[in-house]
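Novice: quick check, what structure comes out for this input:
(chains A and B)
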Protein chains: 2
Amino acid sequence: MRDFYLGLVHYPVVNKNKEIITSAITNFDIHDIARASKTFGVKKYFIISPEDGQKKVMNKIISHWKEGFGATYNSDRKDALEIVTLINSIQDCIDEIKKDSYLEPMVIATSAKNQDYKNYKIEELKNILNTDGEPILLLFGTGHGMSMKDIPQINCLLEPIYGTGDYNHLSVRSAVSIYLYALRK
Amino acid sequence: MRDFYLGLVHYPVVNKNKEIITSAITNFDIHDIARASKTFGVKKYFIISPEDGQKKVMNKIISHWKEGFGATYNSDRKDALEIVTLINSIQDCIDEIKKDSYLEPMVIATSAKNQDYKNYKIEELKNILNTDGEPILLLFGTGHGMSMKDIPQINCLLEPIYGTGDYNHLSVRSAVSIYLYALRK
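Specialist: Next comes the predicted model:
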């Protein structure tokens, strides 16, 4: 079983008009994704943003649940937030994973659309996760998705989640939950 | 294929101290669950609360995305919110489904814990959904879960979602997304 890391990317992502932006960190993304990550055995959940002001505010909220009144009021939330790390960039995630494991991680991106990358089926990645080897870092974009060409570290892409029809506009919180379940069940 | 309905229950649910309460409707529950429901072919997503004041505010938000500026700004959101119905009670959902289909729905509850009810495996309910027959209404509790004994209409329970360890504190948004994916893939 490989070590499994998750990253929520706020930069470089695109907006509605395909311009590269830094998206805002949201409170629900922290909690929902931390709880899903903890449920499905993710080792660390990285929230990736270069915006120091936002990271400062978010660290204050996380501290409330990890060390403040929230930690005794709701210890389940404390346990989930223990695995959250606010970090500057995808490269910094990779460096931190290398410090943890002495191995270069495989970096796998997700997207709601098929793109021009080597593409893994969910079942294939599930099998890889169950073997020994280098750690896996699975990346999710916020906003209107990651700007793939500006992320040279990506090794390959995980297939999109398909619905029952043409509509596939899941929230990132839903997409993370479904992928984690499908990869770990 | 049966008609498939989803209900998010705000009453009767319990709080941390197991007292029966009416929980607050939250904006993220509307959007995330509407988008997941639309993706996986749910016919109607009922948001169940007896609080008229809250339903009024939420209807205003939904109208913004269905008919106001939001409808042209983000038509994907409009499409998802078309299936949302704010409604008073579980009995009212059942009555509305009966009006749609002239059939009494099977009412199936979800819970993070095993409880003293007839219990379906996810795979069993998936097979039932793929046959013809009466519609299915799948209910999700908010707060600390539904007060099952106060909901006489429930026919049976769907098995909990299991994680990789002991921790299973998914948000209701994550749980809905995972169940819909697992039942419909």
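Novice: correct me, but A:Ile97 touches A:Leu6?
Specialist: No. When contacts are counted by Cβ atoms under 8 Å, A:Ile97 is not listed as touching A:Leu6 (11.3 Å). Every residue, glycine included, has its C-beta placed from N, CA and C.
Novice: overlap in contacts, the two.
Specialist: Shared contacts of A:Ile97 and A:Leu6 (Cβ atoms under 8 Å, 6 or more residues apart in numbering or on different chains): A:44, A:137.
Novice: tell me how many other residues crowd the residue nearest to A:Asp3 when sequence neighbours are not counted.
Specialist: Excluding its sequence neighbours, the residue lying closest to A:Asp3 (Cβ to Cβ, 6 or more residues apart in numbering or on different chains) is A:Pro135, at 4.0 Å. Applying other Cβ atoms under 10 Å in any protein chain shown, we find 20 residues neighbouring A:Pro135.
Novice: how about A:Pro135, what does it touch?
Specialist: Going by Cβ under 8 Å, 6+ apart, A:Pro135 touches A:2-5, A:43, A:97, A:100-101, A:103, A:105-106.
Novice: surely A:His144 meets A:Val14?
Specialist: Yes. Between A:His144 and A:Val14 a contact is recorded at 5.0 Å, counting by Cβ under 8 Å.
Novice: okay, now the unreliable bits of chain A?
Specialist: Within chain A, no range satisfies pLDDT under 70.
Novice: give the buried residues for the helix or strand containing A:Ile97.
Specialist: A:Ile97 is located in helix A:90-101, with elements delineated by DSSP states H and E. Using 16 or more other Cβ atoms under 10 Å in any protein chain shown as the test for burial, helix A:90-101 gives A:90, A:93-94, A:96-97.
Novice: which of those residues are close to chain B?
Specialist: For chain B, no contacts are drawn from these by Cβ under 8 Å from any Cβ of the partner chain.
Novice: tabulate these (JSON lines), appending distance to B:Ala34.
Specialist: Output for those, formatted as JSON lines (distance: Cβ to Cβ, whole Å):
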{"residue": "A:Ile90", "distance to B:Ala34": "31"}
{"residue": "A:Cys93", "distance to B:Ala34": "32"}
{"residue": "A:Ile94", "distance to B:Ala34": "36"}
{"residue": "A:Glu96", "distance to B:Ala34": "36"}
{"residue": "A:Ile97", "distance to B:Ala34": "36"}
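Novice: quick check: of those, which lies closest to chain B?
Specialist: When these are compared for distance to chain B (Cβ to the nearest Cβ), A:Ile97 wins out at 19.2 Å.
Novice: any figure for the gap between that closest one and A:Lys38?
Specialist: Using Cβ to Cβ, to the nearest Å, A:Ile97 is found at 18 Å from A:Lys38.
Novice: would you map the strands across chain A?
Specialist: Remark: strands assigned in chain A by DSSP state E are A:4-9, A:13-14, A:20-21, A:44-48, A:84-87, A:106-110, A:119-120, A:136-141, A:156-158.
Novice: give me the sheet partners of the third one and which way each runs.
Specialist: Each strand that pairs with strand A:20-21, with its direction, by DSSP bridges: strand A:13-14 (antiparallel).
Novice: do I have it right that A:Gln91 meets A:Pro152?
Specialist: No. A:Gln91 is beyond contact range of A:Pro152, at 9.4 Å (criterion: Cβ under 8 Å).
Novice: ok, and the closest non-adjacent residue to A:Ser171?
Specialist: Closest to A:Ser171 by Cβ to Cβ, 6+ apart is B:Asp32, at 4.5 Å.
Novice: got the angle for the longest helix belonging to chain A vs strand A:44-48?
Specialist: Secondary structure of chain A per DSSP state H: the longest helix is helix A:52-66. Here helix A:52-66 points in a direction 150 degrees away from that of strand A:44-48 (axes from the mean of the first three to the mean of the last three Cα atoms, to 10 degrees).
Novice: give the contact list for the residue nearest to A:Arg173 when sequence neighbours are not counted.
Specialist: Nearest in space to A:Arg173, with sequence neighbours left out and distances taken as Cβ to Cβ, 6+ apart, is A:Asp32 at 4.3 Å. Counting by Cβ under 8 Å, 6+ apart, A:Asp32 touches A:173, A:176-177, B:171, B:173-174.
Novice: please consider this matter closed, and thank you.
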